[in-house]
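In: Let me see the structure of the following:
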Amino acid sequence: MKIGEAQKAYRQQLSLLRGQRSNYVKQREENRRKMEKAQEKSELLGVTFELSEEYLAREKELQGQIDALSGQIKKNEKVLADLTDQEMGIANSVVAKQQGEAMKEYGEEMAKCLEIARRISRGDRVPAQDEKKLMEFNMDIYKMAKNMAAINMNQKHEDWDSLWGDEEEKKEYEDPLEVAENAEANVEMPEDMEAAVSTEGFAQ
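Out: Take a look at the predicted model:
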C-alpha cells in the first residue's frame with residue numbers, strides 16, 4: 001500500500017472512530033441526565049435515591065466503549081504521525097538528490113563557460129550561442145575575455161564548435177511530495193476498519 005493511500009485510509013478511520021466516540025459520549029451524558037432527574041424526583045418525593053442497576057450498567061457500558069475507541073484513536077494517530085515522518089523522510093531524500101544533481105549540472109555548466117572565456121580571451125572564434133551562454137553565466141568574465149581578445153587579435157586564432165552541441169532540454173525534476181506519497185508504506189490497512197463501520201450505530 002502506498003503512503004498516500006495509507007494516510008487516506010487512516011484519516012477515514014479516525015474520522016469514523018471520532019464520530020463513534022462522540023456518539024457514545026452524548027449517550028453517556030444523556031444517561032447521566034436521566035440519573036440526575038431520577039435523583040431530583042426522589043428528593044421531591046422525600047425518598048432516598050439509589051442508583052439503579054440499569055443506570056450503572058449503562059454508564060459502565062458506555063464508558064467502556066469510549067475508552068476502547070479512545071485507545072484505537074490514539075493508536076491510529078500515532079500511525080498517521082509515523083506515516084507523515086516516513087513521507088517527509090522520503091521527500092527530503094528526493095530533494096537532497098535533486099539538489100546534488102543540480103549542483104553537478106551547475107559545475108559542468110561553469111566549466112564550459114570558463115573554457116569559452118579562455119578561448120575568447122585568446123582571440124579564438126566561438127559560436128554565438130556559446131558567447132551568449134557565457135554572458136548569461138557571468139557578464140564580468142565575458143567582458144574580461146573580450147578585452148583580452150582585443151589584445152590578442154594579431155595572434156593565430158582557432159575556430160571552435162559549440163561546447164553544448166544540440167541544446168538539450170532542461171531536466172524536469174519530480175515533485176518530492178508526489179514521489180513520497182507513491183512510495184510503499186511500512187504499515188498495513190487500519191485494523192478493525194470493517195468492525196468499526198459495522199458498530200457505528202451501536203447502542204443508539
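
In: by contact count, what packs against the lengthiest helix in the chain?
Out: Across the chain, the longest stretch assigned as helix under DSSP state H is helix 53-121. Based on contacts counted as 3 or more Cβ pairs under 8 Å, 6 or more residues apart in numbering; DSSP states H and E, the elements that helix 53-121 packs against are helix 3-45, helix 128-137, helix 139-151, helix 176-181. Every residue, glycine included, has its C-beta placed from N, CA and C.

In: quick one, that helix and helix 128-137 angle?
Out: 120 degrees (axes from the mean of the first three to the mean of the last three Cα atoms, to 10 degrees).

In: quick revisit: now render the helices and strands packed on helix 53-121 as TSV, adding distance to Ser70, mean neighbour count and mean pLDDT.
Out: Below are those laid out as TSV (distance: least, Cβ to Cβ, whole Å; neighbours: other Cβ atoms under 10 Å; pLDDT from 0 to 100):
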stretch	distance to Ser70	mean neighbour count	mean pLDDT
helix 3-45	6	15	88
helix 128-137	61	16	93
helix 139-151	65	14	92
helix 176-181	29	18	84
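
In: Between the ones you listed, which one is closest to Ile120.
Out: Each of the helices and strands packed on helix 53-121 has some distance to Ile120 by Cβ to Cβ; the shortest is helix 139-151, at 4.0 Å.

In: Now do that closest one against helix 53-121: the angle between them, please.
Out: Following the same axes, to 10 degrees, one obtains 10 degrees for the angle between helix 139-151 and helix 53-121.

In: contacts for helix 139-151?
Out: Contact with helix 139-151 is made by 113-114, 116-118, 120-123, 131, 134-135, as judged by Cβ atoms under 8 Å, 6 or more residues apart in numbering.

In: next one: it to chain centre, how far?
Out: Per Cα atoms, centre = their mean, to the nearest Å, the displacement of helix 139-151 from the mean C-alpha position of its chain is 48 Å.

In: Return it as CSV; C-alpha atoms alone will do.
Out: C-alpha atoms of helix 139-151 as CSV (Å, rounded to 0.1, in the frame of the first residue of the first chain):
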residue,chain,number,x,y,z
MET,A,139,28.9,39.2,-17.8
ASP,A,140,32.1,40.4,-16.0
ILE,A,141,34.0,37.3,-17.1
TYR,A,142,32.7,37.8,-20.6
LYS,A,143,33.8,41.4,-20.7
MET,A,144,37.3,40.5,-19.4
ALA,A,145,37.6,37.7,-22.1
LYS,A,146,36.6,40.2,-24.8
ASN,A,147,39.2,42.7,-23.6
MET,A,148,41.9,40.0,-23.7
ALA,A,149,40.7,39.1,-27.2
ALA,A,150,41.4,42.7,-28.3
ILE,A,151,44.9,42.4,-27.0
